[in-house]
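Visitor: Here is the input, now give the coordinates:
(chains A, B, C and D)
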2 protein chains.
Amino acid sequence: MGSVGAPVSRRRAGRPPRGLLSRDLITDAALALIASQGYEGLTMSALAQRLRVAPSALYNHAESKQEVLRWVEDEVMAKVDFSAFAAAPWDEAVRSWAWSYRGVFAAHAPLISVIAILPVTGAPETLAMYEAVTKGFLDAGWPADRIIPAIVALESFIFGSAFDVAAPEDIFESGSLGPDYPLFTAAVRLRGGSQADSADAAFTVGLEALITGLKAQVAG
Amino acid sequence: MGSVGAPVSRRRAGRPPRGLLSRDLITDAALALIASQGYEGLTMSALAQRLRVAPSALYNHAESKQEVLRWVEDEVMAKVDFSAFAAAPWDEAVRSWAWSYRGVFAAHAPLISVIAILPVTGAPETLAMYEAVTKGFLDAGWPADRIIPAIVALESFIFGSAFDVAAPEDIFESGSLGPDYPLFTAAVRLRGGSQADSADAAFTVGLEALITGLKAQVAG
DNA sequence: CCTAATAAATGAATGGCATTCATTTTGTGG
DNA sequence: CCACAAAATGAATGCCATTCATTTATTAGG
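Guide: Have a look, this model is predicted:
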């Protein structure tokens, strides 16, 4: 081994004695990369470099970058806390789950456009969440045929709201055009606090409205 | 294809007698390209080809592809119908606007991640919509400081739902893992009709819940 | 224990992409 | 009329995901 100081001791071609890669190693490296460089930094080259491997080696384990993204997705989904559905009353459980869900995906916004149209097949963490949520609805007396639409509606709101968290401070600044839109401009001025606060406020408003409205639908 | 005559009569270098490009021409070509090839097909090369111009020529008019996307965005936003806010009662106006909004963006899902965090500065069509919506809320007796959060909440739901429209038929198919998640699998089976129908059903459920819930908040 | 098949690595392409730049030509303002 | 700005071409550039031939090691079968 490296007597020479070994700048980056090259590995010669050929299968190494013990495997250097696996789905888990790749997924972990991808998550670390995303955490430090964001989704822009997630390239197959960067991933390979972090794993001290040639980029082409990744393709012995993953079919494509899309597949790596799918692995990341399921791992991220596992961070969503749905435990409240096992214990708390329905509205409290929905509230707790939704806030956790939004928080997790606010840090992974680029995944949303992928995840929202990705079949859950082969994503056990995702399925575990849906199972627990479904059970929570059933236990609260929901008719089975109303559950999936309600979950989808909540998820849609959560995904949309996750984008909002990343919005810049001046998202509603109309600039020089302001005077042409006086009512809107005035309403925007009434927002207090930071963008994070505004996003939280909008999320609260929407989530509480959904909870109220859904409850009313199922009661009626 | 046709005869061999004049394959693509090359234009020689140098400024042409009359300009071949403009913001409007580029935007229209981009929209046409998106309509026929989707967002994958929207490349600077393809755009240039459609405009019968070299790719580098585009950069005399647009700073980047991102800028072209911003032009497209405002054009797309202009298709959203918010006219109901001028005449109809509040809930009917919200309903009409939201359905139109979702419909427009279902065909432009890749724009959502851009638009959701893009300042409205310099986007007159977008501002016009916000102004009309704000006026509709005010006319319905909403307190000014509650309007923006409510609009943001509705928009979040609309954006999230627009993704859902493009979801594949088998999005909730758990495959071989099915038996491990019996409640969820059973609930999914109760969905009738196509994915489009399911998406519509979820949108109806969520939108009506939001309308009910928001009305309750402002009344209370 | 040998051997054939398979798995997993390297490194050198490939082709597509957005973008830049030198160059050429033309329109325009002083 | 002339200098400069504007708008085109075409040839790079560099990054990216992905493929392929090649090499080496492990493993399964006889």
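Visitor: Contact residues of chain A facing DNA strand D?
Guide: Residues of chain A lying close to DNA strand D by CB under 7 Å from any atom of the strand are A:12-18, A:42-46, A:55-56, A:59, A:64-66. To be clear about C-beta, it is placed using only N, CA and C from the backbone, and glycine gets the same treatment.
Visitor: mind redoing it with 6 Å?
Guide: Residues of chain A lying close to DNA strand D (CB under 6 Å from any atom of the strand) are A:12-15, A:17, A:43-45, A:55-56, A:59, A:64-66.
Visitor: Pull out the buried residues from the residues you listed.
Guide: Among these, the ones that count as buried by 16 or more other CB atoms under 10 Å in any protein chain shown are residue A:44.
Visitor: now, among the residues of chain A next to DNA strand D, which is nearest to DNA strand D?
Guide: Set against DNA strand D, the nearest of the residues of chain A next to DNA strand D by CB to the nearest atom of the strand is residue A:14 (2.0 Å).
Visitor: Pass me the low-pLDDT residue ranges in chain A, would you?
Guide: By pLDDT under 70, the low-scoring segments of chain A are A:1-9.
Visitor: Next, the contact list for the spatially most central residue of chain A, please.
Guide: For chain A, the residue nearest the mean C-alpha position is residue A:105 (2.8 Å; CA atoms, centre = their mean). With contacts defined as CB atoms under 8 Å, 6 or more residues apart in numbering or on different chains, residue A:105 is in contact with A:76, A:111-112, A:158-159, A:162.
Visitor: helices or strands up against the longest helix seen in chain A?
Guide: Using DSSP state H, we find that the single longest helix of chain A is helix A:195-219. Contacts defined by 3 or more CB pairs under 8 Å, 6 or more residues apart in numbering or on different chains; DSSP states H and E place helix A:195-219 against helix A:90-106, helix A:144-165, helix B:144-165, helix B:195-219.
Visitor: Report the distance from it to the chain centre.
Guide: Taking CA atoms, centre = their mean, to the nearest Å, the mean C-alpha location of helix A:195-219 is offset from the chain mean by 19 Å.
Visitor: Format the helices and strands packed on helix A:195-219 as a markdown table; extra columns: distance to DNA strand C.
Guide: Formatted as a markdown table, the helices and strands packed on helix A:195-219 follow (distance: least, CB to the nearest atom of the strand, whole Å):
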| stretch | distance to DNA strand C |
| --- | --- |
| helix A:90-106 | 26 |
| helix A:144-165 | 22 |
| helix B:144-165 | 22 |
| helix B:195-219 | 28 |
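Visitor: could you dump the ones you listed to CSV with distance to residue B:134?
Guide: Below are the helices and strands packed on helix A:195-219 laid out as CSV (distance: least, CB to CB, whole Å):
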stretch, distance to residue B:134
helix A:90-106, 25
helix A:144-165, 18
helix B:144-165, 6
helix B:195-219, 14
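Visitor: re earlier: by neighbours, which of the contacts of residue A:105 wins?
Guide: Highest neighbour count within these, by other CB atoms under 10 Å in any protein chain shown: residue A:158, with 28 neighbours.
Visitor: So it sits against residue A:102, correct?
Guide: Yes. The pair residue A:158 and residue A:102 qualifies as a contact (CB atoms under 8 Å) at a distance of 5.0 Å.
Visitor: Just the CA atoms of stretch A:41-51, as PDB, please.
Guide: Extracted C-alpha coordinates of stretch A:41-51, given in PDB (Å, rounded to 0.1, in the frame of the first residue of the first chain):
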ATOM      1  CA  GLY A  41     -24.600  18.700  -7.000                       C
ATOM      2  CA  LEU A  42     -26.100  15.200  -7.500                       C
ATOM      3  CA  THR A  43     -24.400  14.000 -10.600                       C
ATOM      4  CA  MET A  44     -23.200  10.500 -11.400                       C
ATOM      5  CA  SER A  45     -19.600  11.800 -11.500                       C
ATOM      6  CA  ALA A  46     -19.800  13.400  -8.100                       C
ATOM      7  CA  LEU A  47     -21.500  10.400  -6.700                       C
ATOM      8  CA  ALA A  48     -18.800   8.100  -8.000                       C
ATOM      9  CA  GLN A  49     -16.100  10.400  -6.700                       C
ATOM     10  CA  ARG A  50     -17.500  10.400  -3.200                       C
ATOM     11  CA  LEU A  51     -17.600   6.600  -3.400                       C
END
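Visitor: Only the buried residues of it, if you could.
Guide: Buried, per 16+ other CB under 10 Å, within stretch A:41-51: A:42, A:44, A:46-48, A:50-51.
Visitor: sorry, back to before: filter the contacts of residue A:105 to keep only those in contact with chain B.
Guide: A:112, A:158-159 (CB under 8 Å from any CB of the partner chain).
Visitor: which one of these is nearest DNA strand D?
Guide: residue A:112 (18.4 Å).
Visitor: show me what contacts that closest one?
Guide: By CB under 8 Å, 6+ apart, the contact list for residue A:112 reads A:105, A:159, A:162-163, B:113, B:163.
Visitor: from the residues you listed, which single one is nearest residue A:94?
Guide: Nearest to residue A:94 out of the contacts of residue A:112 is residue A:159 (CB to CB; 15.5 Å).
Visitor: between the longest helix of chain A and helix A:90-106, how big is the angle?
Guide: 140 degrees (axes from the mean of the first three to the mean of the last three CA atoms, to 10 degrees).
Visitor: Mind listing what's buried along stretch A:119-134?
Guide: For stretch A:119-134, the buried set under the neighbour-count rule, 16+ other CB under 10 Å, comprises A:119-121, A:123, A:126-134.
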